[in-house]
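K.L.:
A structural model of the following input is requested.
(one chain, ligands or ions: 1)
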Amino acid sequence: MSVLREPLLLLSRSDQVKRLVSTMPVSAGIVKSYVPGETTEAVVDATQVLVDDGLKATLDFLGEDTLDVDQADATVAAYVDLLRQLAARGLARHAEVSVKLSAVGQALPDTVAGGGHKIALENARTICRAARNAGTTVTLDMEDHTTTDSTMAILRELRKDFPETGAVLQAYLYRTEADCRALAYEGSRVRLCKGAYNEPDDVAFQSRLDVDRSYVRCLKVLLSGQGYPMIATHDPRMVEIGSSLASRYGRVQGSYEFQMLYGIRPEEQKRLASSGETMRVYVPYGEEWYGYLMRRLAERPQNLSFFVKSLVSKK
Ligand SMILES: Cc1cc2nc3c(=O)[nH]c(=O)nc-3n(C[C@H](O)[C@H](O)[C@H](O)COP(=O)(O)OP(=O)(O)OC[C@H]3O[C@@H](n4cnc5c(N)ncnc54)[C@H](O)[C@@H]3O)c2cc1C
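P.N.:
As a prediction, the model looks like this:
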(Lines give C-alpha, C1' and ligand atoms only; values in the text may rest on other atoms or scores of the structure.)
Protein backbone atom coordinates (compact mmCIF):
# COMPACT_ATOMS: atom_id res chain seq x y z
CA MET A 1 0.00 0.00 0.00
CA SER A 2 1.15 3.62 -0.52
CA VAL A 3 3.56 5.04 2.08
CA LEU A 4 1.31 8.11 2.25
CA ARG A 5 -1.80 6.12 3.18
CA GLU A 6 -1.11 5.85 6.91
CA PRO A 7 -0.10 9.53 7.50
CA LEU A 8 -3.11 10.74 5.49
CA LEU A 9 -5.47 8.50 7.48
CA LEU A 10 -3.94 9.82 10.72
CA LEU A 11 -4.48 13.39 9.46
CA SER A 12 -8.12 12.53 8.74
CA ARG A 13 -8.58 12.55 12.52
CA SER A 14 -6.50 15.66 13.33
CA ASP A 15 -8.58 18.55 14.65
CA GLN A 16 -5.82 21.11 13.99
CA VAL A 17 -5.41 20.24 10.32
CA LYS A 18 -9.16 19.96 10.02
CA ARG A 19 -9.57 23.56 11.23
CA LEU A 20 -7.05 24.79 8.66
CA VAL A 21 -8.33 22.76 5.72
CA SER A 22 -12.00 23.39 6.49
CA THR A 23 -11.54 27.08 5.68
CA MET A 24 -11.51 25.92 2.05
CA PRO A 25 -14.89 26.48 0.44
CA VAL A 26 -16.63 23.36 -0.83
CA SER A 27 -16.40 24.88 -4.28
CA ALA A 28 -12.59 24.43 -4.23
CA GLY A 29 -11.70 22.08 -7.10
CA ILE A 30 -10.71 18.93 -5.26
CA VAL A 31 -13.55 19.09 -2.72
CA LYS A 32 -16.16 19.73 -5.37
CA SER A 33 -15.02 16.71 -7.35
CA TYR A 34 -15.94 14.40 -4.44
CA VAL A 35 -18.74 16.38 -2.70
CA PRO A 36 -21.44 18.03 -4.85
CA GLY A 37 -22.53 20.56 -2.24
CA GLU A 38 -23.23 21.48 1.37
CA THR A 39 -27.03 21.78 1.35
CA THR A 40 -29.96 19.41 1.00
CA GLU A 41 -31.04 21.27 -2.15
CA ALA A 42 -27.59 20.81 -3.71
CA VAL A 43 -27.52 17.06 -3.05
CA VAL A 44 -31.10 16.55 -4.25
CA ASP A 45 -30.21 18.39 -7.47
CA ALA A 46 -27.10 16.22 -7.89
CA THR A 47 -29.26 13.13 -7.33
CA GLN A 48 -31.65 14.25 -10.05
CA VAL A 49 -28.73 14.50 -12.50
CA LEU A 50 -27.56 10.97 -11.61
CA VAL A 51 -31.07 9.55 -11.90
CA ASP A 52 -31.50 11.21 -15.31
CA ASP A 53 -28.35 9.31 -16.34
CA GLY A 54 -29.92 5.99 -15.30
CA LEU A 55 -28.05 5.73 -11.98
CA LYS A 56 -29.27 5.16 -8.41
CA ALA A 57 -27.89 6.98 -5.37
CA THR A 58 -27.20 6.59 -1.68
CA LEU A 59 -26.78 9.90 0.13
CA ASP A 60 -24.54 10.56 3.11
CA PHE A 61 -24.92 13.65 5.31
CA LEU A 62 -21.26 14.18 6.23
CA GLY A 63 -20.19 14.15 9.87
CA GLU A 64 -18.60 11.53 12.09
CA ASP A 65 -17.21 10.97 15.60
CA THR A 66 -19.89 13.26 17.08
CA LEU A 67 -19.33 13.91 20.79
CA ASP A 68 -22.28 16.22 21.22
CA VAL A 69 -25.93 15.17 21.66
CA ASP A 70 -27.26 18.31 19.93
CA GLN A 71 -25.07 17.66 16.91
CA ALA A 72 -26.29 14.05 16.74
CA ASP A 73 -29.88 15.35 16.86
CA ALA A 74 -29.11 17.88 14.11
CA THR A 75 -27.77 15.05 11.93
CA VAL A 76 -30.98 13.05 12.44
CA ALA A 77 -33.02 16.15 11.53
CA ALA A 78 -30.92 16.65 8.37
CA TYR A 79 -31.63 13.06 7.26
CA VAL A 80 -35.37 13.41 7.97
CA ASP A 81 -35.47 16.65 5.94
CA LEU A 82 -33.48 15.02 3.10
CA LEU A 83 -35.85 12.03 2.99
CA ARG A 84 -38.87 14.34 2.84
CA GLN A 85 -37.36 16.27 -0.06
CA LEU A 86 -36.44 13.08 -1.93
CA ALA A 87 -40.05 11.92 -1.62
CA ALA A 88 -41.40 15.33 -2.66
CA ARG A 89 -39.21 15.33 -5.79
CA GLY A 90 -40.23 11.74 -6.69
CA LEU A 91 -36.65 10.50 -6.20
CA ALA A 92 -37.10 8.13 -3.25
CA ARG A 93 -37.44 5.08 -5.54
CA HIS A 94 -33.94 5.77 -6.84
CA ALA A 95 -32.16 7.18 -3.80
CA GLU A 96 -31.61 5.81 -0.30
CA VAL A 97 -29.43 7.13 2.56
CA SER A 98 -26.16 5.93 4.12
CA VAL A 99 -25.68 6.67 7.82
CA LYS A 100 -22.51 6.65 9.93
CA LEU A 101 -23.54 5.64 13.45
CA SER A 102 -20.73 7.77 14.93
CA ALA A 103 -22.50 10.82 13.43
CA VAL A 104 -25.68 10.01 15.36
CA GLY A 105 -24.11 9.41 18.77
CA GLN A 106 -22.34 6.01 18.80
CA ALA A 107 -19.12 7.62 20.09
CA LEU A 108 -20.83 9.37 23.04
CA PRO A 109 -19.59 8.17 26.45
CA ASP A 110 -21.63 5.81 28.64
CA THR A 111 -22.24 8.67 31.07
CA VAL A 112 -24.56 10.41 28.56
CA ALA A 113 -28.25 9.38 28.51
CA GLY A 114 -27.92 5.59 28.31
CA GLY A 115 -24.64 5.67 26.36
CA GLY A 116 -23.58 6.04 22.74
CA HIS A 117 -24.74 2.61 21.57
CA LYS A 118 -28.30 3.15 22.77
CA ILE A 119 -28.49 6.75 21.50
CA ALA A 120 -27.19 5.70 18.06
CA LEU A 121 -29.74 2.87 17.90
CA GLU A 122 -32.66 5.17 18.68
CA ASN A 123 -31.44 7.85 16.27
CA ALA A 124 -30.92 5.28 13.51
CA ARG A 125 -34.43 3.97 14.18
CA THR A 126 -35.84 7.47 13.63
CA ILE A 127 -34.02 7.70 10.28
CA CYS A 128 -35.20 4.19 9.25
CA ARG A 129 -38.80 5.21 10.02
CA ALA A 130 -38.46 8.39 7.94
CA ALA A 131 -36.90 6.37 5.11
CA ARG A 132 -39.74 3.87 5.14
CA ASN A 133 -42.31 6.70 5.12
CA ALA A 134 -40.52 8.20 2.13
CA GLY A 135 -40.49 4.81 0.35
CA THR A 136 -36.78 4.07 0.59
CA THR A 137 -34.10 2.43 2.76
CA VAL A 138 -31.09 3.07 5.01
CA THR A 139 -27.64 1.48 4.85
CA LEU A 140 -25.39 1.64 7.94
CA ASP A 141 -21.86 2.61 6.88
CA MET A 142 -19.06 0.70 8.63
CA GLU A 143 -16.37 2.69 10.44
CA ASP A 144 -13.16 1.62 12.20
CA HIS A 145 -12.93 -1.86 13.76
CA THR A 146 -13.54 -0.65 17.32
CA THR A 147 -17.15 0.05 16.27
CA THR A 148 -17.86 -3.15 14.28
CA ASP A 149 -19.50 -5.17 17.09
CA SER A 150 -21.69 -2.25 18.16
CA THR A 151 -22.70 -1.52 14.55
CA MET A 152 -23.55 -5.19 13.87
CA ALA A 153 -25.63 -5.31 17.08
CA ILE A 154 -27.50 -2.14 16.06
CA LEU A 155 -28.08 -3.63 12.58
CA ARG A 156 -29.61 -6.78 14.13
CA GLU A 157 -31.93 -4.66 16.32
CA LEU A 158 -33.01 -2.41 13.43
CA ARG A 159 -33.66 -5.34 11.11
CA LYS A 160 -36.32 -6.67 13.53
CA ASP A 161 -38.52 -3.71 12.51
CA PHE A 162 -36.79 -2.63 9.29
CA PRO A 163 -35.45 -5.79 7.60
CA GLU A 164 -34.58 -3.70 4.53
CA THR A 165 -31.73 -1.96 6.43
CA GLY A 166 -28.42 -2.44 4.60
CA ALA A 167 -25.14 -3.55 6.19
CA VAL A 168 -21.56 -2.76 5.16
CA LEU A 169 -18.70 -5.24 5.49
CA GLN A 170 -15.01 -4.45 4.92
CA ALA A 171 -12.90 -7.09 3.16
CA TYR A 172 -9.70 -5.96 4.92
CA LEU A 173 -10.91 -7.32 8.29
CA TYR A 174 -10.09 -10.97 9.05
CA ARG A 175 -13.58 -11.45 10.51
CA THR A 176 -15.44 -10.36 7.37
CA GLU A 177 -15.68 -13.66 5.48
CA ALA A 178 -17.50 -15.13 8.50
CA ASP A 179 -19.69 -11.99 8.76
CA CYS A 180 -20.59 -12.40 5.06
CA ARG A 181 -21.73 -15.98 5.77
CA ALA A 182 -23.85 -14.79 8.68
CA LEU A 183 -25.47 -12.04 6.59
CA ALA A 184 -26.02 -13.92 3.30
CA TYR A 185 -29.69 -14.67 4.06
CA GLU A 186 -32.77 -13.80 2.06
CA GLY A 187 -33.62 -10.10 1.95
CA SER A 188 -30.29 -9.10 3.53
CA ARG A 189 -28.72 -6.14 1.75
CA VAL A 190 -24.93 -6.20 2.20
CA ARG A 191 -22.46 -3.70 0.75
CA LEU A 192 -18.98 -5.20 0.39
CA CYS A 193 -16.10 -2.68 0.29
CA LYS A 194 -12.35 -3.06 0.83
CA GLY A 195 -12.28 -0.78 3.89
CA ALA A 196 -11.06 2.80 4.31
CA TYR A 197 -9.55 3.09 7.81
CA ASN A 198 -6.08 2.60 9.23
CA GLU A 199 -6.33 -0.81 10.91
CA PRO A 200 -3.69 -2.78 12.88
CA ASP A 201 -2.43 -6.18 11.71
CA ASP A 202 -4.10 -8.05 14.56
CA VAL A 203 -7.50 -7.34 12.96
CA ALA A 204 -6.87 -6.58 9.28
CA PHE A 205 -4.94 -7.68 6.20
CA GLN A 206 -2.21 -5.14 5.41
CA SER A 207 -1.21 -5.87 1.81
CA ARG A 208 -3.29 -4.93 -1.23
CA LEU A 209 -3.02 -8.51 -2.52
CA ASP A 210 -4.39 -10.02 0.71
CA VAL A 211 -7.25 -7.49 0.81
CA ASP A 212 -8.13 -8.24 -2.83
CA ARG A 213 -8.07 -12.01 -2.18
CA SER A 214 -10.36 -11.53 0.80
CA TYR A 215 -12.67 -9.33 -1.33
CA VAL A 216 -13.04 -12.16 -3.87
CA ARG A 217 -13.69 -14.79 -1.16
CA CYS A 218 -16.37 -12.52 0.35
CA LEU A 219 -17.91 -11.88 -3.09
CA LYS A 220 -18.23 -15.66 -3.56
CA VAL A 221 -20.01 -16.04 -0.22
CA LEU A 222 -22.40 -13.15 -0.88
CA LEU A 223 -23.15 -13.87 -4.55
CA SER A 224 -23.73 -17.60 -3.94
CA GLY A 225 -25.94 -16.77 -0.94
CA GLN A 226 -29.57 -15.67 -0.66
CA GLY A 227 -29.09 -11.98 0.10
CA TYR A 228 -28.75 -8.84 -2.03
CA PRO A 229 -25.02 -8.09 -2.50
CA MET A 230 -23.91 -4.52 -3.18
CA ILE A 231 -20.48 -4.63 -4.81
CA ALA A 232 -18.82 -1.36 -3.78
CA THR A 233 -15.50 -0.88 -5.55
CA HIS A 234 -13.81 1.16 -8.30
CA ASP A 235 -11.27 -1.58 -8.89
CA PRO A 236 -11.70 -2.76 -12.51
CA ARG A 237 -10.58 -6.31 -11.58
CA MET A 238 -13.08 -6.60 -8.74
CA VAL A 239 -15.89 -5.29 -10.99
CA GLU A 240 -15.01 -7.89 -13.62
CA ILE A 241 -14.76 -10.71 -11.07
CA GLY A 242 -18.06 -9.57 -9.50
CA SER A 243 -19.80 -9.74 -12.89
CA SER A 244 -18.46 -13.17 -13.77
CA LEU A 245 -19.22 -14.62 -10.32
CA ALA A 246 -22.76 -13.22 -10.57
CA SER A 247 -23.32 -15.15 -13.80
CA ARG A 248 -21.55 -18.24 -12.46
CA TYR A 249 -24.00 -18.33 -9.55
CA GLY A 250 -26.98 -17.75 -11.87
CA ARG A 251 -27.81 -14.27 -10.62
CA VAL A 252 -29.88 -12.08 -12.90
CA GLN A 253 -29.18 -8.35 -13.19
CA GLY A 254 -31.10 -6.54 -10.46
CA SER A 255 -30.55 -9.32 -7.88
CA TYR A 256 -27.32 -7.54 -6.87
CA GLU A 257 -25.87 -4.10 -7.60
CA PHE A 258 -22.62 -2.21 -8.12
CA GLN A 259 -21.75 0.90 -6.11
CA MET A 260 -19.11 3.61 -6.57
CA LEU A 261 -18.37 6.95 -4.95
CA TYR A 262 -19.50 10.26 -6.45
CA GLY A 263 -16.85 11.66 -8.79
CA ILE A 264 -14.80 8.46 -9.10
CA ARG A 265 -14.86 6.69 -12.51
CA PRO A 266 -18.12 8.39 -13.58
CA GLU A 267 -17.84 7.01 -17.15
CA GLU A 268 -17.55 3.47 -15.80
CA GLN A 269 -20.63 4.13 -13.64
CA LYS A 270 -22.63 5.06 -16.75
CA ARG A 271 -21.21 2.15 -18.74
CA LEU A 272 -22.32 -0.39 -16.12
CA ALA A 273 -25.78 1.20 -15.92
CA SER A 274 -26.21 1.16 -19.68
CA SER A 275 -25.24 -2.52 -19.78
CA GLY A 276 -28.29 -3.20 -17.60
CA GLU A 277 -26.58 -3.38 -14.19
CA THR A 278 -27.98 -1.55 -11.20
CA MET A 279 -25.35 1.10 -10.42
CA ARG A 280 -25.67 3.15 -7.24
CA VAL A 281 -23.53 6.22 -6.58
CA TYR A 282 -22.62 7.14 -3.00
CA VAL A 283 -23.06 10.91 -2.71
CA PRO A 284 -21.70 12.70 0.38
CA TYR A 285 -22.83 16.25 1.13
CA GLY A 286 -22.63 18.84 3.91
CA GLU A 287 -20.00 21.00 5.57
CA GLU A 288 -18.15 18.20 7.38
CA TRP A 289 -16.27 16.93 4.34
CA TYR A 290 -12.77 16.92 5.87
CA GLY A 291 -12.48 13.27 7.12
CA TYR A 292 -14.16 11.96 3.96
CA LEU A 293 -11.81 13.92 1.68
CA MET A 294 -8.69 12.77 3.56
CA ARG A 295 -9.73 9.10 3.22
CA ARG A 296 -10.18 9.60 -0.54
CA LEU A 297 -6.74 11.22 -0.77
CA ALA A 298 -5.25 8.29 1.19
CA GLU A 299 -6.64 5.94 -1.47
CA ARG A 300 -5.18 8.00 -4.28
CA PRO A 301 -2.21 10.11 -3.12
CA GLN A 302 -1.69 11.15 -6.80
CA ASN A 303 -4.53 13.63 -6.11
CA LEU A 304 -2.55 15.27 -3.32
CA SER A 305 -1.03 17.89 -5.63
CA PHE A 306 -4.54 19.04 -6.76
CA PHE A 307 -5.47 19.25 -3.11
CA VAL A 308 -2.47 21.38 -2.13
CA LYS A 309 -3.15 23.71 -5.09
CA SER A 310 -6.78 24.18 -3.97
CA LEU A 311 -5.58 24.86 -0.43
CA VAL A 312 -3.08 27.49 -1.51
CA SER A 313 -5.33 29.32 -3.98
CA LYS A 314 -8.45 28.95 -1.75
CA LYS A 315 -10.63 29.51 -4.80
C1 LIG B 1 -20.33 2.99 -2.44
C2 LIG B 1 -19.18 2.88 -1.49
C3 LIG B 1 -19.42 2.89 -0.13
C4 LIG B 1 -18.38 2.76 0.78
N5 LIG B 1 -18.66 2.67 2.12
C6 LIG B 1 -17.63 2.41 2.98
C7 LIG B 1 -17.87 2.16 4.36
O8 LIG B 1 -19.02 2.18 4.85
N9 LIG B 1 -16.81 1.90 5.15
C10 LIG B 1 -15.51 1.86 4.67
O11 LIG B 1 -14.58 1.59 5.44
N12 LIG B 1 -15.27 2.13 3.37
C13 LIG B 1 -16.28 2.39 2.53
N14 LIG B 1 -16.00 2.61 1.20
C15 LIG B 1 -14.58 2.85 0.76
C16 LIG B 1 -13.88 1.56 0.43
O17 LIG B 1 -13.68 0.79 1.60
C18 LIG B 1 -12.51 1.83 -0.22
O19 LIG B 1 -11.73 2.55 0.67
C20 LIG B 1 -12.59 2.58 -1.54
O21 LIG B 1 -13.72 2.20 -2.28
C22 LIG B 1 -11.35 2.32 -2.39
O23 LIG B 1 -11.25 0.94 -2.68
P24 LIG B 1 -11.54 0.32 -4.14
O25 LIG B 1 -12.32 -0.94 -3.93
O26 LIG B 1 -12.20 1.31 -4.99
O27 LIG B 1 -10.15 -0.15 -4.68
P28 LIG B 1 -8.73 0.55 -4.81
O29 LIG B 1 -7.79 -0.58 -5.00
O30 LIG B 1 -8.47 1.52 -3.71
O31 LIG B 1 -8.87 1.40 -6.15
C32 LIG B 1 -9.03 0.80 -7.41
C33 LIG B 1 -8.98 1.86 -8.51
O34 LIG B 1 -10.07 2.78 -8.34
C35 LIG B 1 -9.67 4.10 -8.67
N36 LIG B 1 -9.76 4.95 -7.46
C37 LIG B 1 -9.83 4.50 -6.18
N38 LIG B 1 -9.91 5.52 -5.32
C39 LIG B 1 -9.89 6.66 -6.06
C40 LIG B 1 -9.96 8.03 -5.75
N41 LIG B 1 -10.06 8.45 -4.47
N42 LIG B 1 -9.92 8.93 -6.76
C43 LIG B 1 -9.84 8.50 -8.04
N44 LIG B 1 -9.76 7.19 -8.40
C45 LIG B 1 -9.79 6.29 -7.44
C46 LIG B 1 -8.27 3.98 -9.18
O47 LIG B 1 -8.33 3.77 -10.56
C48 LIG B 1 -7.75 2.73 -8.49
O49 LIG B 1 -6.70 2.12 -9.16
C50 LIG B 1 -17.03 2.69 0.29
C51 LIG B 1 -16.80 2.67 -1.09
C52 LIG B 1 -17.85 2.75 -1.97
C53 LIG B 1 -17.55 2.70 -3.43
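K.L.:
and R93, what does it touch?
P.N.:
Going by C-beta atoms under 8 Å, 6 or more residues apart in numbering, R93 touches G135, T136. In this view, the C-beta of every residue, glycine as well, is placed from N, C-alpha and C.
K.L.:
what about it, which SS state?
P.N.:
coil (DSSP: H, G, I helix; E, B strand; the rest coil).
K.L.:
phi first, then psi, for it.
P.N.:
Main-chain torsions, R93, degrees, to the nearest 10: phi -70, psi -20.
K.L.:
how near is it to the ligand?
P.N.:
19 Å (C-beta to the nearest ligand atom, to the nearest Å).
K.L.:
how about G105?
P.N.:
From G105 across to the ligand, the span is 17 Å (C-beta to the nearest ligand atom).
K.L.:
my read: that residue touches I119, true?
P.N.:
Yes. With contact defined as C-beta atoms under 8 Å, G105 reaches I119; the gap is 3.6 Å.
K.L.:
can you list the residues of the stretch 51-200 of the chain near the ligand?
P.N.:
The stretch 51-200 of the chain comes close to the ligand at residues D141, M142, V168, Q170, R191, C193, K194, G195, A196, Y197, as judged by C-beta under 6 Å from any ligand atom.
K.L.:
one step back: so between G105 and I119, which is more surrounded?
P.N.:
G105 (29 against 22; other C-beta atoms under 10 Å).
K.L.:
give the full set of residues in contact with V69.
P.N.:
G105, L108, V112, A113, I119.
K.L.:
relative to Q85, how far out is it?
P.N.:
According to C-beta to C-beta, to the nearest Å, V69 stands 25 Å off from Q85.
K.L.:
I'd like the average pLDDT over stretch 127-144.
P.N.:
Mean pLDDT, computed over stretch 127-144, is 98.
K.L.:
could you do stretch 270-283 as well?
P.N.:
Stretch 270-283 shows a mean pLDDT of 98 in the predicted model.
K.L.:
return the distance of it from the chain's centre.
P.N.:
16 Å (C-alpha atoms, centre = their mean, to the nearest Å).
K.L.:
before we move on, the earlier item: most widely separated two among the residues of the stretch 51-200 of the chain next to the ligand?
P.N.:
The span of these, defined through C-beta to C-beta, is set by R191 and Y197 at 15.4 Å.
K.L.:
okay, the two: which has more neighbours?
P.N.:
Neighbour count, other C-beta under 10 Å: between R191 and Y197, R191 has more, with 25 against 19.
K.L.:
quick one: residues contacting that one.
P.N.:
The contact partners of R191, taken as C-beta under 8 Å, 6+ apart, are T139, G166, A167, V168, L169, M230, A232, Q259.
K.L.:
now do 6 Å
P.N.:
R191 makes contact with V168, M230, A232, according to C-beta atoms under 6 Å, 6 or more residues apart in numbering.
K.L.:
and these as TSV, adding distance to E38 and neighbour count?
P.N.:
Converted to TSV, those look like this (distance: C-beta to C-beta, whole Å; neighbours: other C-beta atoms under 10 Å):
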residue	distance to E38	neighbour count
V168	24	22
M230	26	22
A232	24	24
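K.L.:
out of those residues, which are inside strands?
P.N.:
V168, M230, A232 (DSSP state E).
K.L.:
distance to C218 and pLDDT added to those residues, as TSV?
P.N.:
Shown next, in TSV, are those (distance: C-beta to C-beta, whole Å; pLDDT from 0 to 100):
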residue	distance to C218	pLDDT
V168	12	98
M230	12	98
A232	11	98
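K.L.:
what helices and strands are in contact with the secondary structure element (helix or strand) that M238 belongs to?
P.N.:
Taking DSSP states H and E as the definition, one finds M238 inside helix 236-248. Judged by 3 or more C-beta pairs under 6 Å, 6 or more residues apart in numbering; DSSP states H and E, helix 236-248 is in contact with helix 208-224.
K.L.:
ok, 8 Å please
P.N.:
Secondary-structure packing of helix 236-248 (3 or more C-beta pairs under 8 Å, 6 or more residues apart in numbering; DSSP states H and E): helix 208-224, strand 228-232, helix 266-274.
K.L.:
alright, that wraps it up for me.
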